[in-house]
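the sequence and its predicted three-dimensional model are supplied below.
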Amino acid sequence: MRSDLPAAVPLATPATEPVLSRDDMRFVAALVYEHAGIVIREHKEAMARGRLARRVKALGMTSLAEYCAFLRTPAAAGEIPELINAVTTNHTAFFRERHHFDHLREAVLPRLVQAHAGRKARIRIWSSACSSGEEAYSIAAVSREAIGPRSDLDFRILATDIDTDILDRAAAGRYPADLIERLPADMRPLLKIDPASGRSEVRIAEELRRLIAFKRLNLIESWPMKGPFDVIFCRNVFIYFDAPTKSAILDRFVALLQVGGFLYLGHSESLPQPHPQLRLIGRTIYERIP
């Protein structure tokens with residue numbers, strides 16, 4: 001244990017919760033907000049304590065107090081991404097909020113294919129908080145069905161997330177077999193599951209995996225891509241930001257979205273305020289207008 005750190009508060013026993021002082025909780029919340037724009041709201045503090053306790057164990061420390069003291073030192077710079085990973089929620093599913101994929105499949109992609117066919121034109125879709133990859137592979141699945149084997153289109157999906165650990169899992173494209181078995185019967189074949197993946201685990205077929213580039217991206221930092229995008233998915237992300245952060249990110253999305261392109265938000269989300277260049281056309285579906 002580091003000798004220059006304050007006395008440790010023991011980690012929780014099965015009968016108690018991890019101990020985190022109010023000052024330490026405020027410090028952690030401020031640090032997460034500074035580096036990721038994520039707001040740890042009061043009702044999420046117990047969950048945050050439990051997740052931080054896992055970092056304590058991974059680092060060989062004995063208490064959350066010791067961990068927070070470490071975070072206050074210059075030596076903790078490399079720990080910040082792990083802290084962000086620890087407090088980030090990664091809940092997703094294949095074809096989650098199916099109406100978005102139905103809209104993409106039936107209204108958006110046929111129009112893009114018709115407009116660009118024969119010209120080797122580019123079509124770009126961005127999954128801006130892809131988590132473990134289910135959203136990106138769902139996009140790839142419906143896109144491959146609409147586009148088919150044609151080679152006259154430059155089609156790619158960018159899938160980004162702030163969590164480095166989860167991105168490795170997403171890029172691998174491996175999932176428990178029961179996740180696929182629970183899918184609606186008409187959607188399951190679209191994922192083109194590799195039959196050689198085994199009984200308990202399956203893998204998304206290479207023809208879908210090669211459509212996607214997985215990259216780490218912090219939405220409140222600089223964005224290396226220049227766009228434009230035809231479609232942007234930003235679902236169940238705004239709920240973690242405050243109003244100023246949401247407004248700033250939304251403006252950047254709009255700047256990268258083609259006129260006539262679409263932005264999909266999560267079912268419990270809405271725009272922080274009406275945007276002059278976005279028109280609501282369906283359930284949390286927005287069209288970019290001039």
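Right, received. Where do you want to start? No experiment lies behind these values; they were computed from the predicted model shown.

where along this protein do the helices fall?
Assigned by DSSP state H, the helices in the chain fall at 22-36, 45-58, 64-71, 80-87, 98-103, 109-116, 134-147, 164-172, 177-181, 206-209, 243-256.

go through the ones you listed and pick out the most buried.
helix 134-147 (a mean of 24; mean count of other Cβ atoms under 10 Å). Backbone N, C-alpha and C define where each C-beta goes, glycine included.

ok, residue 127 - contacts?
135-136, 139, 157-160, 233 (Cβ atoms under 8 Å, 6 or more residues apart in numbering).

tell me which two of those sit farthest apart.
139 and 160 (12.9 Å; Cβ to Cβ).

doesn't residue 253 make contact with residue 271?
No - using Cβ atoms under 8 Å, residue 271 is not in contact with residue 253, being 10.4 Å away.

shaky segments in the stretch 51-200 of the chain?
The model of the stretch 51-200 of the chain has pLDDT under 70 over residues 118, 195-198.

report the contact partners of the spatially closest residue to residue 145 that is not a sequence neighbour.
Spatially, and ignoring its direct neighbours in sequence, residue 145 is nearest to residue 190 (5.7 Å; Cβ to Cβ, 6 or more residues apart in numbering). Contacts for residue 190 (Cβ under 8 Å, 6+ apart) come out as 141-142, 144-145.

can we see that at 7 Å?
141-142, 145 (Cβ atoms under 7 Å, 6 or more residues apart in numbering).

any idea how far residue 115 is from residue 267?
With the distance defined as Cβ to Cβ, to the nearest Å, residue 115 ends up 29 Å from residue 267.

now swap in residue 184 and tell me
Residue 184 is 17 Å from residue 267, where distance means Cβ to Cβ.

go on, residue 138?
For residue 138, the distance to residue 267 - Cβ to Cβ - is 15 Å.

now swap in residue 155 and tell me
27 Å.

of these two, who's got more company?
More neighbours surround residue 155 than the other of residue 155 and residue 267, with 21 against 12 (other Cβ atoms under 10 Å).

for that one, which non-adjacent residue is spatially closest?
Closest to residue 155 by Cβ to Cβ, 6+ apart is residue 123, at 4.7 Å.

ok, the one you found - contacts?
Shown in contact with residue 123 (Cβ under 7 Å, 6+ apart): 112, 116, 153-155, 230.

same check, this time on residue 205
Contacts of residue 205 were listed using Cβ under 7 Å, 6+ apart, and they are 192-194.

check residue 213 too.
Contacts of residue 213 by Cβ under 7 Å, 6+ apart are 156, 158-159.

just among those residues, which is most surrounded?
Ranking those using other Cβ under 10 Å puts residue 159 first, with 27 neighbours.

shouldn't that one be in contact with residue 211?
No - if you go by Cβ atoms under 7 Å, residue 159 and residue 211 don't touch, sitting 9.8 Å apart.

number of nearby residues for residue 275?
Neighbour number of residue 275 under other Cβ under 10 Å is 18.

pretty sure it contacts residue 254?
Yes - counting by Cβ under 7 Å, residue 275 does reach residue 254; the two are 6.4 Å apart.

now residue 207, nearest residue through space, not along the chain?
residue 192 (6.3 Å).

pretty sure the one you found sits against residue 206.
No - using Cβ under 7 Å, residue 192 makes no contact with residue 206, being 8.9 Å away.

quick check: phi and psi at the residue positioned nearest the centre of the chain.
The chain has residue 129 as the residue nearest its centroid, 2.1 Å off, counting by Cα atoms, centre = their mean. Per-residue torsions, residue 129: phi -140, psi 80 (degrees, to the nearest 10).

got phi/psi on the residue nearest to it when sequence neighbours are not counted?
Nearest residue to residue 129, sequence neighbours excluded (Cβ to Cβ, 6+ apart): residue 237, at 4.5 Å. Phi and psi for residue 237, reported as degrees, to the nearest 10, are phi -120, psi -50.

count the residues that sit near residue 237.
For residue 237, using other Cβ under 10 Å, the count is 20.

roughly how far apart are it and residue 105?
For residue 237, the distance to residue 105 - Cβ to Cβ - is 22 Å.

how about residue 168?
On the measure of Cβ to Cβ, residue 168 and residue 105 end up 29 Å apart.

next one: residue 143
For residue 143, the distance to residue 105 equals 8 Å [Cβ to Cβ].

same check, this time on residue 34
Distance from residue 34 to residue 105, by Cβ to Cβ: 40 Å.

one more: residue 254?
Taken as Cβ to Cβ, the span from residue 254 to residue 105 is 24 Å.
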